[in-house]
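Engineer: sequence-free structure coming up:
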């Protein structure tokens, strides 16, 4: 292992221990560390990596970190960046799933869980509002978002999700906002892209042979269709896993993923361990690897050519349509399972409204809000 690879690992491990605040904050940490301080790349190069992460499905900030590791130390550097940045949250969510923190059992622990479920309402509402402002600035996009939300509320299923995303992409090709920029053609790496599609299309045929292949299929599918950031993984996983994980535990893991540093996609760590009570470590490992892998394969395949692809009118139009549909997807998830599982009284609704105001308008720190909602759950 080269010195550069070791450096990539410990730099990202240090950031993985302190990077609270979600994907946008992670990008800020990366900019300060790798552009301003270490000068691994310039401002323009970093901006291109961020744009790439927005263009592709997958965990945006983790894809940027993976690409930074690739630039610094090749494929091993990319892997080192992923492992270092993800390891702290992986460990914390795994410990939560296997019950290490259940010592505070009884009414106190139940109250903390209820408070964190209510905090999830605030976070998803904030994400829905932010993405609506970003992706639904015109009537056509708003229409796609509304139709998506209504369809998923009336016919909630994984098949419905897949169909509305594909339909939104098709609509975007013909009526979406299309790029007119001209950029030089870059080189596509076909092997990672072929592997991406082989796994996406092949996993369903072998999923029934073992519990682990079935789990890999579920999480790989979710990681392949998460456009719009980590929050969108909630509705995708909720529909994909169905009744495999109890709603209360699902929302506990989602809220906890907000509380720990590092990527939100480590919700998969919690869920994988939860789904594998006999071998929770194996389940956590497979679920985590499977949900991150699609985004990393796409980065490997398209990092040198994405600008020319994104500038193609039909592709940019399809991405426009998918982004609008993702807003509707998140709005439907805000109601089911998040809202109906957490808001059971007028007092809880008042707390959710107050929390949304504190997060959106007062810019209150995430950790402060987590503590406040945990306390609220205990005392009520």
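Structural biologist: Noted; the coordinates are in hand. From a predicted model like this one, the values you see are computed outputs, not experimental measurements. Residues are numbered from 1 along each chain as shown.

Engineer: what stretches of the stretch 251-380 of the chain score poorly on pLDDT?
Structural biologist: Residue ranges of the stretch 251-380 of the chain with pLDDT under 70: 306-311.

Engineer: helices along that one, start to end?
Structural biologist: Here the stretch 251-380 of the chain has its helices, by DSSP state H, counting those that start in this stretch, at 267-274, 280-302, 306-310, 313-333, 340-342, 346-360, 366-379.

Engineer: export the ones you listed to a markdown table and tack on mean neighbour count and distance to residue 36?
Structural biologist: To be clear about C-beta, it is placed using only N, CA and C from the backbone, and glycine gets the same treatment. Output for the helices of the stretch 251-380 of the chain, formatted as a markdown table (neighbours: other Cβ atoms under 10 Å; distance: least, Cβ to Cβ, whole Å):
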| stretch | mean neighbour count | distance to residue 36 |
| --- | --- | --- |
| helix 267-274 | 29 | 30 |
| helix 280-302 | 23 | 23 |
| helix 306-310 | 18 | 24 |
| helix 313-333 | 24 | 30 |
| helix 340-342 | 19 | 40 |
| helix 346-360 | 16 | 27 |
| helix 366-379 | 17 | 23 |
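
Engineer: figure out which of those helices is closest to residue 52.
Structural biologist: helix 306-310 (4.9 Å; Cβ to Cβ).

Engineer: ok, residue 156 touching residue 242?
Structural biologist: No - with contacts counted by Cβ atoms under 8 Å, residue 156 stays clear of residue 242, the gap being 10.4 Å.

Engineer: more crowded one of those two?
Structural biologist: Neighbour comparison, residue 156 and residue 242: the larger count goes to residue 156, with 17 against 10 (by other Cβ atoms under 10 Å).

Engineer: rewinding a little: adding distance to residue 17, write the helices of the stretch 251-380 of the chain out as JSON lines.
Structural biologist: Converted to JSON lines, the helices of the stretch 251-380 of the chain look like this (distance: least, Cβ to Cβ, whole Å):
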{"stretch": "helix 267-274", "distance to residue 17": "16"}
{"stretch": "helix 280-302", "distance to residue 17": "17"}
{"stretch": "helix 306-310", "distance to residue 17": "30"}
{"stretch": "helix 313-333", "distance to residue 17": "29"}
{"stretch": "helix 340-342", "distance to residue 17": "29"}
{"stretch": "helix 346-360", "distance to residue 17": "23"}
{"stretch": "helix 366-379", "distance to residue 17": "14"}
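
Engineer: among those helices, which comes closest to residue 197?
Structural biologist: helix 280-302 (9.2 Å).

Engineer: angle of that closest one against helix 267-274?
Structural biologist: Counting by axes from the mean of the first three to the mean of the last three Cα atoms, to 10 degrees, helix 280-302 points 150 degrees away from the direction of helix 267-274.

Engineer: so what secondary structure elements neighbour helix 280-302?
Structural biologist: helix 43-55, helix 60-97, helix 190-206, helix 211-224, helix 267-274 (3 or more Cβ pairs under 8 Å, 6 or more residues apart in numbering; DSSP states H and E).

Engineer: hmm, who's touching the fourth one?
Structural biologist: Contacting residues not belonging to helix 211-224 are listed as 57-59, 196, 199-200, 203-204, 206-208, 233, 236-237, 240-241, 265, 268, 272, 275-276, 282-283, 286-295 [Cβ atoms under 8 Å, 6 or more residues apart in numbering].

Engineer: quick one: mean pLDDT for that helix?
Structural biologist: In this model, helix 211-224 has an average pLDDT of 93.

Engineer: identify each buried residue in that helix, please.
Structural biologist: Buried residues in helix 211-224, counting neighbours by 16 or more other Cβ atoms under 10 Å, are found at 211-224.

Engineer: of all those, which comes closest to residue 127?
Structural biologist: Nearest to residue 127 among these, counting by Cβ to Cβ, is residue 222 at 16.5 Å.

Engineer: and that closest one, how far is that from residue 175?
Structural biologist: 28 Å (Cβ to Cβ, to the nearest Å).

Engineer: related to what we said a few turns ago, can you redo the helices and strands packed on helix 280-302 as JSON lines with distance to residue 28?
Structural biologist: Formatted as JSON lines, those follow (distance: least, Cβ to Cβ, whole Å):
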{"stretch": "helix 43-55", "distance to residue 28": "11"}
{"stretch": "helix 60-97", "distance to residue 28": "10"}
{"stretch": "helix 190-206", "distance to residue 28": "28"}
{"stretch": "helix 211-224", "distance to residue 28": "24"}
{"stretch": "helix 267-274", "distance to residue 28": "22"}
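
Engineer: of these, which approaches residue 26 most closely?
Structural biologist: helix 60-97 (3.6 Å).

Engineer: packing partners of the closest one?
Structural biologist: helix 3-18, helix 23-30, helix 43-55, helix 247-259, helix 267-274, helix 280-302.

Engineer: what's the angle from the next helix or strand after that helix to helix 366-379?
Structural biologist: Next helix or strand after helix 60-97 toward the C-terminus (DSSP states H and E): helix 107-135. Using the same axes, to 10 degrees, one finds that helix 107-135 and helix 366-379 are set 140 degrees apart in direction.

Engineer: any low-confidence regions in the stretch 51-200 of the chain?
Structural biologist: Across the stretch 51-200 of the chain (using pLDDT under 70), the flagged ranges come out as 51, 54, 100-107, 109, 158, 177-186.

Engineer: out of the helices of the stretch 251-380 of the chain, the one nearest residue 147 is which?
Structural biologist: Closest among the helices of the stretch 251-380 of the chain, using Cβ to Cβ: helix 313-333, at 6.9 Å.
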